[in-house]
Structures are given as C-alpha cells and as structure tokens.
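> after the sequence you'll find the predicted model.
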Amino acid sequence: MKKQKIALFHPWLKSKGGAEKVVLGILKSKKYDIDIYTWVYDKENTFKEFQKFKINVIGPKISKKLSRLHILRGLFLPISIFSKIPLEKYDKFLISTSGVGEFITFKNYKKGKTYAYIHTPLREASDEIVEWNLKNRHNNFLKKQIYLTAVKIYKIFEKKAWKKLDVIIFNSELSKSRAEEHKLIRKQKTHIIYPPINFPQFERLKTRIGKHFVYISRLNPPKRQDLLIEAWKKFSKKNKGYKLILIGTPDNKNYYKKLLMLSKDDNSIEIKSNVKNKELGDLLRSSKAGIFLGYQEDFGIVPLEILAAGKPLLATDEGGYVNVIKDHPLFHKIKEKHSKKEMIKEIEKELENFVNKKKKKIAFKKIKLSNFVKEIDGVLGE
C-alpha cells in the first residue's frame, strides 16, 4: 500500500531545542512519507540528525537574521505570503509552530487536511508573559510601546491564521489553555500529545554524584540563566567547592554576552555551547543535580530527561512539565516569582536547602509517557 505524503513545515531549524526534537520525532514515522519545509535552516547549530533529510528552505536569506530577533519576528508575516509549498503533491499538511509559523497558512492551506502541532501559541502575546516582558525585557517607554503595538497587530493575524487549522495538537495542557485564553480554538478537533523523550537513553547512564550542577537549555532571556548566575554567586560564597555548568546554544548574542560578563572571573561558573551528545551525557551523569528555570515553560523536555537519568531536579513549580512530574521524589520545587529580585532569592534558597538537607536514598522512579510517533500517526490518520 502506498504511503500518504505529508508536507511538514517548521519555521526555523536553528538550535538544539525541544521544538526541533519534536520535528525529528515526527520524521521518525514509518507510516507516512514526510517532506520538511522551513524558512531557516542553520545546520551548524541545530541537531545533526537533520542532515539525514532533505530540508526545503523556502525563506529569503534575511530570514536567518530575523529568526533570532524578538519583536521583529513579526516580519515573517510578509515573508509567509510569498512562501509557497506545492501542497498539491501532498495528502496532508502539518505545521509545527510556537507562534508565527501558522502564518504559512495565508499562502498554503489544504482544506480539511491542515494539521498543526502547537508547542505554544506565541508566548510573547500571552497576558502573563507580556507582563513579564514589560518588567524584564522592554525597559524603556519606546520599546514598551513598540512591543504592545506589535502584540495587538499579531493577535489579529494570529486569529486569521488559526481559522485555517483543521486539527490541532497541543504539547501540554498549558499550551492548550493559552490558546483558549487567546480565543483561538473554534470547532477544530484538538488533542494533547506530549513531546518525544528517549527515556532509555538516559536511564542507561551509569551515574556518580559529582560537585557540579548542570542547566541544559537554549541561552535566552526566558530561560533565566542570568538570574541563576546572580543566585549562584550568593550561594557559592557560603557553599564552597560546587560548580555551575550552563550548557546551550546562544539564541541571543546580546544575552550571551551578558552571561559571559556576569560569570567573568568566577571560576565556579562555566558556560558551554554546541556540546556534543557524549559530553552532554557525561556532564549529566556525573552531576550533583540538574536545574531548569524556563519561565512558564510550555512543556519542558529537559526536566524529564534529568529525572530519567536518576538525577535530582531543581526546577520552577510552574510549567507544562509539572503535571507529569509533580509527585516525583527527585523533583525539588523552586517557587515561581515574577520579579527578578524575588526569583533570585528563591533560586538561592532552594540551592541552600538542597545541599544542606540530609539525603535519603530514593528508589529510581520511571517516568511514563505514551508513544509519541504512534499517537502522531493516529491523529494524522483521522
């Protein structure tokens, strides 16, 4: 029997993040013949596994620069109008998006056969995150006004684009609640499918307890590595001998420079980018614990990988991953605070509690999620 053909669009493949892992998970399907389309492909900074596939780049050269900007990502709206995918060759169209990517429907729509995997509706347009951005990212009057105007305009086009999504898959209950908050869901069929995680890869790690903490994530402001560094400096003055290792792709050059400045002349902090899988596994395996501080994270694959490796996790008590691991004995909750000063205090406090608390031996507890590829195949078969 001939396989159905699917066109898969993801706006940019430019780093080693959870969204890119989901795209790779979809490409593992053996039930469908899948071609991938994107506006940006940065093969040096994303997962090498993408090199096994033909990547159809349909964005102009300026797309690469725009994809790393914050507010100016809205300029992908005109780019989307000129991005044509030959959908007549395909049985179905699947869009993978964290916001902006759905604009592709203005030029490309397969009636009744257009699906979307939503990592999140655009975070920057969500009420809570707008408030956080105004406090933490856009700190002068002009920037605030540009940002608020951009959000208003974006929401108009966002609603228009979502009308052309026939079946919607969310990566978590939190992402779905954001879509409901934006009034984006109408009569479409909806599903929740958690992202793919290769638990056995981490469960097989032979661990030992070292003196370093690891934080594995993109290096950008919502991941709050800067607040962790501030908290770590205070913590390490009282608790000598520990080390903090930040691992991730620099998504924002100015923010990366800020992290380098904050950690300058502090031998207890190391920042590593473009780390290979073997080294990453070694650093996690020999760590004392893993840390995760993504603000209002839509799902969060890394926290689950840390627990799968049998390592304690110090992470915020809000985010899509919390529903999955809230009762896990190795999950040490950091109370979410929306101000920088208070959040730094909470991080420092939990680091102190963790190293000073008497450790009890905890039996290994597996995390169970359903089979991602099987679930995706099932929805696409509707």
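Yes, it's here.
> tell me, how many residues neighbour Ile36?
If you count neighbours by other Cβ atoms under 10 Å, Ile36 ends up with 23. All C-beta atoms are positioned from the backbone trio N, CA, C, and that covers glycine.
> how close does it get to Trp12?
12 Å (Cβ to Cβ, to the nearest Å).
> what of Phe199?
Taken as Cβ to Cβ, the span from Phe199 to Trp12 is 27 Å.
> show me which of those two is the more surrounded one.
Ranked by neighbour count (other Cβ under 10 Å), Phe199 and Trp12 place Trp12 first, with 24 against 17.
> close enough to count as contact, the more buried one and Thr38?
Yes: here Trp12 lies in contact with Thr38, judged by Cβ atoms under 8 Å, at a distance of 6.2 Å.
> which strands border the one helix or strand Ile6 maps to, and is each parallel or antiparallel?
Assigned by DSSP states H and E, Ile6 belongs to strand 4-9. Sheet pairing for strand 4-9, assigned by DSSP bridges, gives strand 32-38 (parallel), strand 92-97 (parallel).
> with only the CA atoms kept, save the shortest one in CSV.
Spelled out, it's strand 92-97. Below are the C-alpha coordinates for strand 92-97, written out as CSV (Å, rounded to 0.1, in the frame of the first residue of the first chain):
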residue,chain,number,x,y,z
LYS,A,92,-1.9,16.3,4.2
PHE,A,93,-0.2,19.4,5.6
LEU,A,94,1.3,19.5,9.1
ILE,A,95,2.6,22.8,10.7
SER,A,96,4.9,22.7,13.7
THR,A,97,4.7,26.1,15.4
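> residue ranges with poor pLDDT in the stretch 101-250 of the chain?
200, 203-206 (pLDDT under 70).
> mind redoing it with 80?
In the predicted model, the stretch 101-250 of the chain carries pLDDT under 80 at residues 123-129, 132-133, 135-139, 198-207.
> can you show me the strands along it?
114-118, 167-170, 189-192, 212-216, 243-247 (DSSP state E, counting those that start in this stretch).
> tell me which of those strands lies nearest to Ile301.
Among those, the nearest to Ile301 by Cβ to Cβ is strand 212-216 (9.7 Å).
> from the chain's centre, how far out does that closest one sit?
17 Å (Cα atoms, centre = their mean, to the nearest Å).
> do the same with stretch 329-344
Worked out by Cα atoms, centre = their mean, stretch 329-344 lies 19 Å from the chain centre.
> swap in stretch 15-24?
On Cα atoms, centre = their mean, the centre of stretch 15-24 falls 8 Å from the chain's centre.
> hmm, who's touching that stretch?
Residues outside stretch 15-24 that contact it (Cβ atoms under 8 Å, 6 or more residues apart in numbering) are 8, 10, 13, 36, 42, 45-47, 49-50, 96, 98, 117, 119, 171, 195-196, 218, 248-249, 251, 299-302.
> bridged to Ile55, which residues?
Ile36.
> quick check, it in contact with Asp35.
No: the criterion here is Cβ under 8 Å, and Ile55 misses it with Asp35 at 9.3 Å.
> and Ala116, how far is that from Ile169?
7 Å.
> then Pro121?
Taking Cβ to Cβ, one finds Pro121 at 13 Å from Ile169.
> between the two, which is the more surrounded one?
More neighbours surround Pro121 than the other of Pro121 and Ile169, with 27 against 23 (other Cβ under 10 Å).
> wait, what's in contact with the more buried one?
99, 158, 175, 178-179, 182, 184.
> ok, these vs Lys3, which is closest?
The closest of the contacts of Pro121, once distances to Lys3 are taken by Cβ to Cβ, is Ser175, at 29.1 Å.
> neighbours of the closest one, how many?
Ser175: 22 neighbours (other Cβ under 10 Å).
> that one reaches Tyr117, doesn't it?
No: using Cβ under 8 Å, Ser175 is not in contact with Tyr117; the gap is 10.0 Å.
> identify the contacts common to these two.
By Cβ under 8 Å, 6+ apart, no residue touches both Ser175 and Tyr117.
> most packed of the strands paired with strand 4-9?
Among these, ranked by average contacts under mean count of other Cβ atoms under 10 Å, first place goes to strand 92-97 (a mean of 24).
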